[in-house]
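> Predicted coordinates and the sequence they were generated for:
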Protein chains: 2
Amino acid sequence: MRVKEGNKEKDIMEAAIKVFAQAGYHKAKISKIAELAGVATGSVYLYFEDKEDILLRIFDNVWNKLFVELKELIANKTLTAADKLDAMIDLIFDIYIENPALAIVFVNEQNHIMQHASQRFTDKYEKFLDLGESIIKEGIKEGVFSNSIDIKILRYFVFGAIKNLLQHWAADPQNYPLNKIRQNVKFIIKHGIKK
Amino acid sequence: MRVKEGNKEKDIMEAAIKVFAQAGYHKAKISKIAELAGVATGSVYLYFEDKEDILLRIFDNVWNKLFVELKELIANKTLTAADKLDAMIDLIFDIYIENPALAIVFVNEQNHIMQHASQRFTDKYEKFLDLGESIIKEGIKEGVFSNSIDIKILRYFVFGAIKNLLQHWAADPQNYPLNKIRQNVKFIIKHGIKK
DNA sequence: TTTATTTTTGAACAGTGATTCATTAATGTT
DNA sequence: AACATTAATGAATCACTGTTCAAAAATAAA
């Protein structure tokens, strides 16, 4: 019997993240991913169903990670709802700092995922946003958040705002430091623009 | 001499909007667009350079329209900055009401455009957002808008939030009436979620 | 009606790149 | 060492669809 050496699955996935980030999903070539991962083109198909499966698994990982982290965060009894909201926003920004290529894929290919794999994906996405929702509800109970905003609307509002800012940032990182963006996002969500 | 009959260019563009909205740019087939427009496949290339050119011209039209309308809006001396901000948001939502398919293309294919034709497109986009920026500045002068938010950040924040909400709405229109979304957007931008 | 010019057609072409699979290599077992 | 089993290879296949272009059709002018 022969046993698999190394971790080709991981190698391929990491290579794919880089190639997807650089070229975008559609222009990314399997042959390029394989080359970067140091395997033959055909080997990719030993570990992944097809091209889309690679992207889906990348998203699975990100959402799982975010979900676990947010869950821990919410369980923390020493934080107020407002603190938790800030920390939740940090979770997303931190992906960018830890793994910029992954973050680029995450924000750029969201559309693709939504249209081609909503069944597999919506679950994790919605679960994550459900947790976010619970923070808002907590804040409303605490009396610090307004109860006149529809929470379902709020979640897509906030996620979309952050996604777009990160997309622009990724396209031209020099423009702004990520931390300034993060700060402003937190402020706008809380206070809006009215004086 | 023979003269062109009808307005095939317009027919093709309108067909393309429908097909792009339904299938997404990448899966949209030229042959399908031609069929829907009632012309031969090859005829598409008499009026458009290539597939991407169709998408670009669709975007040109939308941005031009938005730009003109926003300009008029801003020139209106009877409106306060806050009124103008609301009206600006209405401009975008109104595309959805007037032509849902066009709006779906507009929000879904923004990515594609940004990555493949920023030179041609960024101009109009940024010009539009510049006008939006002028509304905010007006409000700051009036003393009604906070001056502690970075305006460049604000614009991508707001545009992204709206874009994402409209994308979700388009994917499942039953979920929410568009007007409720619109209302909430206006409120969140102005007041944030803090009580 | 004939000719000239322009529009329209749609089948054929061509480039692309995801996917397959017969072959080879590597490792473990007897 | 010989064998069995699984991993890995990468050139060939295959499907797909954007684009081209020679031919046909429509219209206007002579």
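In hand now; what should we look at?
> How about the host helix or strand of A:D53 and DNA strand D, any contact?
In this assignment (DSSP states H and E), A:D53 forms part of helix A:51-75. No: judged by CB under 7 Å from any atom of the strand, helix A:51-75 stays clear of DNA strand D, getting no closer than 13.2 Å. Bear in mind the C-beta positions are built from the backbone N, C-alpha and C, glycine included.
> Tell me which residues are up against the very next helix or strand once past that helix.
Next helix or strand after helix A:51-75 toward the C-terminus (DSSP H and E): helix A:81-98. The set of residues external to helix A:81-98 that reach it, using CB atoms under 8 Å, 6 or more residues apart in numbering or on different chains, is A:62, A:66, A:69-70, A:73-74, A:76, A:79, A:102-103, A:106, A:132, A:135-136, A:138-139, A:142, A:144-145, A:162, A:166, A:169-170, A:178, A:181-182, A:185-186, A:189-190, B:194.
> Could you do stretch A:59-69 as well?
A:91-92, A:95, A:102, A:106, A:109, A:113, A:121, A:124-125, A:127-128, A:131.
> May I see the buried residues of that stretch?
A:F59, A:V62, A:W63, A:L66, A:F67, A:E69 (16 or more other CB atoms under 10 Å in any protein chain shown).
> Equivalent analysis for stretch A:175-195, please.
A:176, A:178, A:181-193.
> ok, those residues vs DNA strand D, which is closest?
A:Y176 (35.5 Å; CB to the nearest atom of the strand).
> quick one on the thing from earlier: for the contacts of stretch A:59-69, please prepare CSV with the additional fields neighbour count, pLDDT and secondary structure.
Output for these, formatted as CSV (neighbours: other CB atoms under 10 Å in any protein chain shown; pLDDT from 0 to 100; DSSP: H, G, I helix; E, B strand; the rest coil):
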residue, neighbour count, pLDDT, secondary structure
A:L91, 16, 97, helix
A:I92, 22, 96, helix
A:I95, 18, 94, helix
A:L102, 20, 98, helix
A:F106, 25, 96, helix
A:E109, 20, 95, coil
A:I113, 21, 90, helix
A:F121, 17, 78, helix
A:K124, 16, 84, helix
A:Y125, 18, 84, helix
A:K127, 16, 90, helix
A:F128, 24, 93, helix
A:L131, 18, 96, helix
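> how about the residues you listed, which pair is most distant?
A:E109 and A:L131 (22.4 Å; CB to CB).
> Look at the residue of chain A found nearest DNA strand D and say how many residues are nearby.
Closest residue of chain A to DNA strand D, CB to the nearest atom of the strand: A:G42 (1.7 Å). Residues lying near A:G42 (other CB atoms under 10 Å in any protein chain shown) number 9.
> can you check the one 4 residues further on too?
Around A:L46 sit 12 other residues, with neighbours defined as other CB under 10 Å.
> One more: A:G143?
Quick note: A:G143 (other CB under 10 Å) scores 9 neighbours.
> pLDDT at it, what is it?
With respect to pLDDT, A:G143 has a value of 95.
> Just read off the phi/psi values of it.
phi 80, psi 10 (degrees, to the nearest 10).
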